[in-house]
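Asker: sharing a sequence plus its predicted fold:
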Amino acid sequence: MTETTETTETPHVAEPAGVAVGMVWDADADAHGGGGGGAAERRRDPLLVDVFAGIRRRLSAMGTDLVMLAAARPQDGVDAYVDAAHRHGLDGVIVMGVDEGHPALTALTASGLACVAVDLPLYRNRTTYVASDHRAGAASAVGYLHGLGHRAIATVTGPLSLMPAVERLVGYRFEMARTGTPVRPEYVVSGEYTEASGYECTRRLMALADPPTALFAADDRMAVGALRALADLGVAVPGEVSVIGFDDVEAASLVRPGLTTVAQDHAAIGAAAVESLVRTIGMGSSKRCAPAW
């Protein structure tokens, strides 16, 4: 069974003529000293490629080109993205895979330029974001496990510095409470959106005196690691332990036993980001950034 979450919807609006759109996607920030840990893994998330495809498809339908802005390096200064937006005469920027506290991103969202982020909760004047309903998706995963008869349901979370990971944990806790299923503190383990993390966290859970009978991994890469750990431990899936993931990556259909997962429509998220940016541009000044030459 695969559940599908909904992306944030934005009303279709008329497309402004001659819109110039840029993108900030720091897919390899660690190469120049930006961030680390789970945030770095999120930047390298292969599903962001599908989001990018949705963005390009929607912009192509509008007859609009996309300007990719170079990732801001420490030596570029805090105005790196603002300067690039002026240099290219951009009306708006789509942002994904960047630490929300990055100084250059803070300067960009404070500049008054229209910005839309993907899975980054940015709230400023002319800045918004789009995301799947991570909370509802997680709740559906836990509800599915509960429907199978499980009550000892554990979760391996993503890095809790990231909004999607927090929302998925909230969804887990909500559904456990809704079904009257106690949440045992030792059943909530923080992971890092990697297969290795899922493997280690699952071994830790299964070493408990009273191990869980079901596991919700907040990312398919961690779920694949969980399946590998259970196989190494000789634990039958789903006979002894049920596993469900989140994202519906290609690996979910390749592993055996097959992985049950919560699917996201990443191409639709990309298209929604474009729609939201166009609406934000239309609600603001029609005057774009003048090229700084």
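Answerer: Looks like it arrived, so ask away.
Asker: what residues does stretch 158-170 touch?
Answerer: 37-39, 41-42, 119-121, 131-132, 134-135, 137-138, 155, 157, 188, 190-193, 218-219, 222, 246 (CB atoms under 8 Å, 6 or more residues apart in numbering). To be clear about C-beta, it is placed using only N, CA and C from the backbone, and glycine gets the same treatment.
Asker: which parts of the stretch 51-200 of the chain are strands?
Answerer: Taking DSSP state E, counting those that start in this stretch as the test, the strands found in the stretch 51-200 of the chain are 66-68, 92-96, 114-118, 127-130, 153-157, 188-190.
Asker: in CSV: those, plus distance to A214.
Answerer: Putting the strands of the stretch 51-200 of the chain into CSV (distance: least, CB to CB, whole Å) gives the following:
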stretch, distance to A214
strand 66-68, 42
strand 92-96, 32
strand 114-118, 30
strand 127-130, 31
strand 153-157, 5
strand 188-190, 13
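Asker: state the mean pLDDT of stretch 90-110.
Answerer: Stretch 90-110 carries an average pLDDT of 92.
Asker: where does the stretch 1-150 of the chain dip in pLDDT?
Answerer: Counting by pLDDT under 70, the stretch 1-150 of the chain contains low-confidence residues at 1-17, 27-46.
Asker: if we use 50, what do you get?
Answerer: 1-14, 29-39, 42-43 (pLDDT under 50).
Asker: need the helices for it, in chain order.
Answerer: Here the stretch 1-150 of the chain has its helices, by DSSP state H, counting those that start in this stretch, at 37-43, 47-62, 80-87, 103-109, 134-147.
Asker: helices or strands next to the second one in the packing?
Answerer: Going back to what we said before, that points to helix 47-62. Applying 3 or more CB pairs under 8 Å, 6 or more residues apart in numbering; DSSP states H and E, one finds that helix 47-62 contacts strand 21-25, strand 66-68, strand 92-96, helix 266-283.
Asker: ok, the closest residue in space to A104 that isn't next to it in sequence - how many residues close by?
Answerer: Closest residue to A104 apart from its sequence neighbours, by CB to CB, 6 or more residues apart in numbering: A72 at 3.8 Å. By the criterion of other CB atoms under 10 Å, A72 has 26 neighbours.
Asker: isn't A72 up against Y81?
Answerer: Yes: between A72 and Y81 there is a contact at 6.0 Å, judged by CB atoms under 8 Å.
Asker: joint contacts of these two?
Answerer: Common neighbours of A72 and Y81 (CB under 8 Å, 6+ apart) are 24, 104-105.
Asker: make CSV from these and add neighbour count to it.
Answerer: Formatted as CSV, the shared contacts of A72 and Y81 follow (neighbours: other CB atoms under 10 Å):
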residue, neighbour count
V24, 25
A104, 25
L105, 25
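Asker: kindly reformat those residues as JSON lines containing distance to T280.
Answerer: Formatted as JSON lines, the shared contacts of A72 and Y81 follow (distance: CB to CB, whole Å):
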{"residue": "V24", "distance to T280": "15"}
{"residue": "A104", "distance to T280": "20"}
{"residue": "L105", "distance to T280": "16"}
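Asker: residue contacts, the residue nearest to S197 when sequence neighbours are not counted?
Answerer: Distance criterion CB to CB, 6+ apart; nearest residue to S197, sequence neighbours excluded, is G191 at 4.1 Å. G191 sits next to 156-159, 197-198, 201, 217-219, 222 when contact means CB under 8 Å, 6+ apart.
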